[in-house]
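Asks: 3D, please:
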Amino acid sequence: MSEQNVDRRRALATRWLGVGLASVVAVVTLGLAVTGRLTLYISPESVWFACAAAVVTLAGAIWSCTLPLGAEGDHGHDHGHAQAPAHASARPEAKAADAEAAGAEAAGAEAAGAGSTAPSRRSLAGVGAVAGGVVATGVVAAALVLPPASLSVELAMSRAGEQSTLFAGADTVALGVADTSTFGVGDWASVFAAATNTTAYDGAPVTLTGFVTPGSGDGVNLTRLVITHCVIDAQTAALPVDVDPGEYDTGQWVEVKGTVRADADGSLHIEPTDVVAIDEPKDPYEY
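Replies: Below you'll find the model as predicted:
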C-alpha cells in the first residue's frame, strides 16, 4: 500500500472521528427537537441552546468539507521559510550549518537509543485511536438506531433515597404554608420531606400523575423523575399513597385525585378518592 493511500485513509478517519460524528449527533439533536422528543433527555429550557449548538456544528462541518483531506493536520509549517535573497551573506549561513551538524553528531547516540521505542509508541497510539473510534462510532450509531425512551422505572427506584430533600427544579424547598394548587409530585415530595408544620397541609386537594413503585407498609409510592438540566441529574420524587400494592403493577402510570393527610407522628401521605391507570405521558418528567 502506497504512503499516499495510507495518508488518505488516515485523513478520512480523522475527519470522520471529528466532523463526521459531530455532524451525526447534531442531526439527531435537531431531529429530536423537531419531533418534540428532545425533552426526553434535557429540560425544555435547554432545548434552544442544544439546537443552536447543533446548527453551529453543522455549519462548521459544511465549511470543513471545503478543505482538502489532511488540511486539518497542516498547522502552517510553510510560513517563514521563504528562500533567502541571492545577495544575502553566505558566511553566517555556513557557520550555522556547521553548528547544526556538530549538534546532530553529539545527539546521535541518544537518538539511536530512543528511536527503538518510537515504533511501539506509535503502535499503542494507533490501537488507542482505533479503539476510541470504534466506541465513539458505536455510541453514535446507537443514538441513530435505538428509539428515544424515558428513564426506566428501575433507575428511578435505584435513585430513591439518594437525596434527603428533593430540590424540585428551582432548588427551593417550600416551608410553611404555600399555594399548592400548581404543585406536582416533586413539589409535594419537598413538602413531605421538609415541612415543619405538616398539619397546615392536612386536607389539601391534589391531582397528580406518576408511576407506581413499591412503598412501605400497606401502600404504594406515586413516583416521578424530576430533572433540572438533563437526565443525568434526574432525582426521584416519591409520595406515599394509600393504595393496595396488588392493585397496580410496578411502573404503571396513574392519575391520582385525593387529599393530603397528616399523621399523628407528623408525616404526610395521600388519601386517594380516585385512581385511574393511564399511558405514559408524552413528557414523563417534572422540572
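
Asks: what is the neighbour count of the nearest residue to residue 36 once chain neighbours are set aside?
Replies: If the residues on either side of it in the chain are set aside, residue 36 comes closest to residue 282, at 7.3 Å by CB to CB, 6 or more residues apart in numbering. Just so you know, the C-beta spots here come from the backbone N, C-alpha and C atoms, and that holds for glycine as well. Applying other CB atoms under 10 Å, we find 10 residues neighbouring residue 282.

Asks: ok so residue 282 is a strand residue?
Replies: No: Residue 282: not assigned to a strand; according to DSSP: H, G, I helix; E, B strand; the rest coil it is coil.

Asks: thought it was touching residue 35?
Replies: No: using CB atoms under 8 Å as the test, residue 282 is too far from residue 35 to be in contact (10.7 Å).

Asks: looking at residue 204 now. What's its pLDDT?
Replies: On pLDDT, residue 204 comes in at 94.

Asks: what ranges does the stretch 151-287 of the chain have for its helices?
Replies: Secondary structure of the stretch 151-287 of the chain (DSSP state H, counting those that start in this stretch): helices located at 153-159, 185-194.

Asks: for residue 273, see how far away residue 184 is.
Replies: Distance of residue 184 to residue 273, computed by CB to CB, to the nearest Å: 19 Å.

Asks: what about these two, which has more around it?
Replies: A count of neighbours by other CB under 10 Å puts residue 184 above the other of residue 184 and residue 273, at 19 against 11.

Asks: against residue 145, how distant is the more buried one?
Replies: Computed as CB to CB, the residue 184 to residue 145 distance reads 33 Å.

Asks: same question, residue 136
Replies: 15 Å.

Asks: and what of residue 10?
Replies: Separation of residue 10 from residue 145 (CB to CB) stands at 28 Å.

Asks: residue 273 now?
Replies: 45 Å.

Asks: what's the answer for residue 235, then?
Replies: 29 Å.

Asks: which of those two has more neighbours?
Replies: Neighbour tally, residue 235 and residue 145, criterion other CB under 10 Å: the higher count belongs to residue 235, 21 against 7.

Asks: so that one sits against residue 225, correct?
Replies: Yes: between residue 235 and residue 225 there is a contact at 7.1 Å, judged by CB under 8 Å.

Asks: model confidence for the nearest residue to residue 30 once chain neighbours are set aside, exactly?
Replies: Leaving aside its sequence neighbours, residue 30 sits nearest to residue 54 (CB to CB, 6+ apart; 5.1 Å). pLDDT, residue 54: 92.

Asks: make sure residue 54 is indeed in a helix.
Replies: Yes: counting by three-state DSSP, residue 54 is located in a helix.

Asks: list the contacts for it?
Replies: Residue 54 makes contact with 25, 26, 27, 29, 30, 33, according to CB atoms under 8 Å, 6 or more residues apart in numbering.

Asks: now name the helix or strand holding the third one.
Replies: With the criterion set as DSSP states H and E, the secondary-structure element containing residue 27 is helix 21-34.

Asks: what does that helix contact?
Replies: With CB under 8 Å, 6+ apart as the test, helix 21-34 has contacts from 38, 40-41, 47, 50-51, 53-55, 57-58, 60-61, 136-137, 140, 143-144, 148.

Asks: any regions of the stretch 51-200 of the chain where pLDDT drops low?
Replies: Within the stretch 51-200 of the chain, the ranges that satisfy pLDDT under 70 run 69-130, 132-133, 143-144, 159-178.
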